[in-house]
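*Asks:* Compute the structure for the input listed below.
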Amino acid sequence: MTGKQYGWYLTELPRQEDELLKMKETVIDPILKFMSGPQKTIFDFARNIVQTQEPNFSYVEGEEGSLIISSLNDPECFRNNHMQDLKRYVELLQEKLGAQVNVEIANAKESVAKLKDRLCAMSEFEALASEQQEQIKSSFDDFSGSIESEKLIAVVRDSLRQFEERNYQQLLSQMASWAQAPSGEESASESDGIKQVNEGEASTTN
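*Replies:* The predicted model follows:
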């Protein structure tokens, strides 16, 4: 309504009074109510879920993820019961995501525990000094602790893959090197081996 001729405000604007009043009642007032009420809180919470958890959506069954995104992008989301529907979608999705993340973490910890048991059952491990054994076992424990609070399923899976393909092989090599070295002749490079493995684990989960 800006940029009009002066005469327009005297003649045409009064004729649009009913239309403008209707716009206020059907659009402006509902939006203002939405922005200042609990519906805005639901909207913001759902948007945060998408921003932080969208990479996990494809790992769970159901359409809640796409429904949430669709609701957030809907220009009419402030009308009717859209936010109540959105809240229900978010609650369902959160439950599914939480359960799936817990399953992934448990599976990863179980896989690493099996690798630990396999390594500890080897004759080379039995030949190590107790301090060396503890250093090797701590690498497995450190990994399990590092993924305990991870929220992204892809990160959990990638961390496990890297541990299996790289870190575990490094531990085997370090164990064999220690087992073959004469007592008391552990080299400085060998003593740093476990530290390097643990640093590698930290870099995969950060």
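*Asks:* Mind telling me what element Thr52 is part of?
*Replies:* Under the criterion of DSSP states H and E, Thr52 resides in helix 38-53.
*Asks:* and that helix, what does it pack onto?
*Replies:* When contacts are defined as 3 or more CB pairs under 8 Å, 6 or more residues apart in numbering; DSSP states H and E, helix 38-53 packs onto helix 29-36, helix 64-73, helix 82-120. The C-beta positions use only the backbone N, C-alpha and C, and glycine is treated the same way.
*Asks:* which stretch among the ones you listed comes nearest Asp141?
*Replies:* helix 82-120 (8.3 Å; CB to CB).
*Asks:* Give the buried residues for the closest one.
*Replies:* Across helix 82-120, burial judged by 16 or more other CB atoms under 10 Å covers 82-83, 86-87, 89-90, 92-93, 96-97, 101, 104-105, 108-109, 112, 115-116, 119.
*Asks:* ok, the one residue sitting closest to the centre of the chain - contacts?
*Replies:* Per CA atoms, centre = their mean, the C-alpha nearest to the average position across the chain is that of Leu152, at 2.8 Å. Residues near Leu152 by CB atoms under 8 Å, 6 or more residues apart in numbering: 55-56.
*Asks:* That one and Glu104, how far apart?
*Replies:* Look at Leu152 and Glu104: by CB to CB, to the nearest Å, they are 9 Å apart.
*Asks:* Give me the three-state assignment for Cys77.
*Replies:* coil (DSSP: H, G, I helix; E, B strand; the rest coil).
*Asks:* Let me see the backbone angles for it.
*Replies:* In this entry, Cys77 is assigned phi and psi values of phi -60, psi -20 (degrees, to the nearest 10).
*Asks:* show me the residues around the nearest residue to it once chain neighbours are set aside that make contact.
*Replies:* With CB to CB, 6 or more residues apart in numbering as the criterion, Cys77 has its nearest non-adjacent residue at 5.8 Å, and that residue is Ser71. Contacts for Ser71 (CB under 8 Å, 6+ apart) come out as 46, 77, 82, 85-86, 89.
*Asks:* what two of those are the furthest from one another?
*Replies:* Maximum pairwise distance in the contacts of Ser71, criterion CB to CB, is 12.1 Å, between Cys77 and Tyr89.
*Asks:* so where is the protein shaky, pLDDT-wise?
*Replies:* Per-residue confidence for the chain (pLDDT under 70) gives these ranges: 1-23, 25-27, 30, 182-206.
*Asks:* hmm, 90 instead?
*Replies:* Within the chain, the stretches with pLDDT under 90 are 1-37, 75, 77-81, 180-206.
*Asks:* list the contacts for Gln84?
*Replies:* By CB under 8 Å, 6+ apart, the contact set of Gln84 is Ile42.
*Asks:* Kindly recompute the last result at 10 Å.
*Replies:* With contact set as CB atoms under 10 Å, 6 or more residues apart in numbering, Gln84 has these partners: 39, 42.
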